[in-house]
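Engineer: can't give you the sequence, but here's the structure:
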């Protein structure tokens with residue numbers, strides 16, 4: 001039932017051979033690379049150069065952000081009066097990174113009394129709360145600066161005002177049109193800026209980086225900013241691309257001791273780190289502490305300069321990540337069993353709720369289920385007191401935060417983005433929410449078959465998948481949201497029968513042949529589809545070619561994005577036609 005009611009369609013992007021050739025001549029780059037550049041909107045030599053060679057000059061003036069000047073003036077005052085300042089972050093990678101950046105930035109600026117805190121996920125949930133504000137008052141805090149949260153903390157902001165604590169909010173989450181901005185001295189949020197602002201998609205770490213830069217006159221902690229930007233899956237375009245590209249270079253050059261120790265835990269040298277490594281290896285380990293308790297351990301790792309101390313911290317985070325994976329796997333298995341028992345073809349959404357599920361991992365589970373079932377998914381962990389904490393994920397064509405807004409009468413609170421959102425809901429309201437959420441899903445997605453769309457950047461022959469091509473593709477780094485790895489399509493492929501292997505009962509490993517060229521391929525989580533769809537004859541494959549090093553030998557391996565029975569043969573993108 002994995003693919004019930006789902007049809008996979010391929011969309012092959014068009015190419016303009018003349019434009020590709022002209023840009024290739026002007027830039028002295030391979031034509032296939034300029035083809036990919038044009039697809040990403042880089043249609044002049046100047047734009048291509050800026051895209052492929054980011055510089056600090058491409059970062060906009062931080063004072064372009066609304067309220068930045070007010071915030072800097074207030075922090076100047078805090079330095080002059082030797083005030084105690086609290087940086088209040090969040091327990092995910094973005095919030096932890098933002099907290100580390102601003103803590104370092106304030107200390108560099110000369111604030112002597114800086115403390116840093118964040119909520120405990122299981123006890124407090126997300127964001128600044130009244131209890132934390134009252135604690136800050138007792139500790140003599142006169143200025144609170146939030147990072148990666150605060151724009152929805154109206155009650156906490158009012159409490160701070162009543163207690164005589166001034167509040168600066170730095171955040172990037174959507175602003176509720178009905179509630180407006182919280183009562184604060186300054187609210188720095190790129191959502192307040194025009195759509196053409198180059199930093200419109202900054203994450204929490206990016207906004208903290210901007211404030212730190214405004215205070216100190218120069219950018220610092222680019223490596224941590226890159227960490228938060230990649231992990232928060234914001235679009236890697238505009239200033240985000242610059243931050244990540246330069247941040248990876250900063251990471252390799254300066255080798256922050258905590259990140260170096262963490263990289264060692266996953267068998268990497270820090271000068272080998274890519275955006276993919278952050279997304280799949282470093283990020284989850286930094287996230288693990290916050291998912292199971294709070295993120296203080298991960299924050300300390302980023303702030304510490306002691307090799308021995310960070311060694312033990314990195315090891316603890318690695319252990320926490322192993323624990324997180326075990327918990328996540330168990331919930332994922334239970335969720336699939338429940339879905340397979342009741343999902344039917346007409347269902348446009350999935351809402352699951354259960355007592356005993358760990359609220360720290362349900363977002364990951366929801367994401368995996370969404371990719372598997374191609375529907376918006378909400379997973380809710382219900383506490384013993386009947387309070388449910390939910391996390392939702394959606395794909396293309398469904399605005400999750402708008403859907404949550406339509407169902408808000410069922411929630412205690414909610415917030416998030418188009419494709420990822422969270423909420424608090426009482427157990428007795430879950431069934432009514434499930435009904436209303438399905439209604440909204442049917443309105444947004446319509447009825448009939450659900451579409452799993454695979455975008456093909458270019459149709460190519462296996463003979464084109466050579467070292468030169470894969471090497472040139474590395475120039476597109478950092479890759480990520482809105483700048484994905486190129487996907488190629490090849491039609492009329494033969495599967496070498498004796499090569500088919502199943503890894504860990506879910507991954508498909510095989511060798512493919514096209515026009516006498518053999519290439520190894522791996523399809524993650526494709527084993528079930530391979531046998532269910534009976535892919536025995538000629539097939540078409542969508543894939544990304546990558547270098548794979550095993551026992552000292554480097555070869556090209558295809559990372560499969562989709563596989564289907566062979567359909568119409570399309571002409572390859574020709575470099576010489």
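Structural biologist: Perfect, I can see it now. Just so we're clear, the structure is a prediction, and the values are computed from it rather than from any experiment.
Engineer: contacts, neighbours, all on C-alpha from now
Structural biologist: Will do.
Engineer: now the end-to-end length of stretch 45-65.
Structural biologist: Stretch 45-65 has an end-to-end distance of 30 Å (criterion: Cα to Cα, to the nearest Å).
Engineer: Over to stretch 333-351?
Structural biologist: This stretch, stretch 333-351, spans 15 Å end to end (Cα to Cα).
Engineer: Quick one: mean pLDDT for it?
Structural biologist: Mean pLDDT, stretch 333-351: 92.
Engineer: And for stretch 399-406?
Structural biologist: 92.
Engineer: in the stretch 201-350 of the chain, which spans are helices?
Structural biologist: Along the stretch 201-350 of the chain, counting by DSSP state H, counting those that start in this stretch, helices occupy 204-216, 222-231, 238-254, 257-265, 275-277, 283-292, 296-303, 307-342.
Engineer: Please state the offset of the shortest one from the chain centre?
Structural biologist: If I follow you right, that is helix 275-277. Relative to its chain's centre, helix 275-277 lies at 11 Å (Cα atoms, centre = their mean, to the nearest Å).
Engineer: What residues of that helix count as buried?
Structural biologist: 275-276 (16 or more other Cα atoms under 10 Å).
Engineer: could the helices of the stretch 201-350 of the chain go into TSV alongside distance to residue 54?
Structural biologist: Output for these, formatted as TSV (distance: least, Cα to Cα, whole Å):
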stretch	distance to residue 54
helix 204-216	16
helix 222-231	13
helix 238-254	5
helix 257-265	23
helix 275-277	15
helix 283-292	23
helix 296-303	25
helix 307-342	31
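Engineer: hang on, isn't residue 472 packed against residue 31?
Structural biologist: No - applying Cα atoms under 8 Å as the test, residue 472 and residue 31 come out as separate, 10.4 Å apart.
Engineer: got a list of contacts for stretch 337-353?
Structural biologist: Contact partners of stretch 337-353, identified using Cα atoms under 8 Å, 6 or more residues apart in numbering, comprise 1-2, 4-5, 335, 375-382, 388, 430, 434, 437-438, 441-442, 445, 447-448.
Engineer: Give me the spatial nearest neighbour of the most centrally placed residue in the chain, chain neighbours excluded.
Structural biologist: Central residue of the chain (Cα atoms, centre = their mean): residue 233, 2.1 Å from the mean position. The shortest distance from residue 233 to any non-neighbouring residue, by Cα to Cα, 6 or more residues apart in numbering, is to residue 481 (6.0 Å).
Engineer: Which pLDDT value belongs to that neighbour?
Structural biologist: 86.
Engineer: re the thing from before, which stretch in the helices of the stretch 201-350 of the chain has the least confidence?
Structural biologist: Confidence, taken as mean pLDDT, is least for helix 283-292 of those (a mean of 85).
Engineer: can you tell me which residues contact residue 423?
Structural biologist: By Cα under 8 Å, 6+ apart, the contact list for residue 423 reads 389-391, 411-415.
Engineer: Would you mind measuring from it to residue 405?
Structural biologist: Going from residue 423 to residue 405 by Cα to Cα gives 10 Å.
Engineer: Contacts for stretch 489-503 next, please.
Structural biologist: The contact list for stretch 489-503 (Cα under 8 Å, 6+ apart) reads 456-462, 508-514, 527, 536-543, 566-570.
Engineer: same question, stretch 109-123
Structural biologist: 78-79, 82-91, 99, 103, 106-107, 125-128, 215-216, 290-296, 359-360.
Engineer: Quick check: of the contacts of residue 423, which lies closest to residue 69?
Structural biologist: The closest of the contacts of residue 423 to residue 69 turns out to be residue 415 (Cα to Cα; 27.6 Å).
Engineer: Ends of stretch 143-153, what's the gap?
Structural biologist: End-to-end for stretch 143-153, by Cα to Cα: 16 Å.
Engineer: hmm, I was thinking of stretch 50-59
Structural biologist: Length of stretch 50-59, first residue to last, Cα to Cα: 12 Å.
Engineer: List the buried residues of that stretch.
Structural biologist: Residues of stretch 50-59 classed as buried by neighbour count (16+ other Cα under 10 Å): 51-52, 54, 59.
Engineer: What is the most widely separated pair among those?
Structural biologist: Greatest spacing in the buried residues of stretch 50-59, by Cα to Cα: 52 and 59 (14.9 Å).
Engineer: before we move on, which element is residue 535 in?
Structural biologist: Following DSSP states H and E, there is no helix or strand that holds residue 535.
Engineer: Distance check, it against residue 374.
Structural biologist: Separation of residue 535 from residue 374 (Cα to Cα) stands at 21 Å.
Engineer: What of residue 152?
Structural biologist: Remark: distance between residue 152 and residue 374 (Cα to Cα) = 30 Å.
Engineer: hang on, the earlier thing: out of the helices of the stretch 201-350 of the chain, nearest to residue 133?
Structural biologist: Of all those, helix 296-303 sits nearest to residue 133, with 18.2 Å by Cα to Cα.
Engineer: which residues touch that closest one?
Structural biologist: With Cα under 8 Å, 6+ apart as the criterion, helix 296-303 contacts 91, 96-97, 99-100, 104, 117-118, 224, 256, 258-259, 286-287, 289-290, 310, 313-314, 317.
Engineer: what's the angle between that helix and helix 283-292?
Structural biologist: Angle of helix 296-303 versus helix 283-292, following axes from the mean of the first three to the mean of the last three Cα atoms, to 10 degrees, is 140 degrees.
Engineer: Just the buried residues from the contacts of stretch 489-503, in ChimeraX please.
Structural biologist: Buried residues among the contacts of stretch 489-503 (16+ other Cα under 10 Å), as a ChimeraX selection:
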select :456,457,458,459,460,461,462,508,509,510,511,512,514,527,539,540,541,542,543,566
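Engineer: From the contacts of stretch 489-503, which land in helices?
Structural biologist: If you go by DSSP state H, the contacts of stretch 489-503 have residue 527 in helices.
Engineer: how about the contacts of residue 423, which pair is most distant?
Structural biologist: Most distant of the contacts of residue 423, by Cα to Cα, are 391 and 412, 13.7 Å apart.
Engineer: And those two? Which one has more around it.
Structural biologist: Neighbour totals were compared for residue 391 and residue 412, and residue 391 leads with 28 against 13 (other Cα atoms under 10 Å).
Engineer: what would the contacts of residue 423 look like in JSON lines with secondary structure?
Structural biologist: Below are those laid out as JSON lines (DSSP: H, G, I helix; E, B strand; the rest coil):
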{"residue": "389", "secondary structure": "strand"}
{"residue": "390", "secondary structure": "strand"}
{"residue": "391", "secondary structure": "strand"}
{"residue": "411", "secondary structure": "strand"}
{"residue": "412", "secondary structure": "strand"}
{"residue": "413", "secondary structure": "strand"}
{"residue": "414", "secondary structure": "strand"}
{"residue": "415", "secondary structure": "strand"}
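Engineer: ok, those vs residue 202, which is closest?
Structural biologist: residue 415 (17.4 Å).
Engineer: residues in contact with that closest one?
Structural biologist: By Cα under 8 Å, 6+ apart, the contact list for residue 415 reads 152, 174, 401, 421-423.
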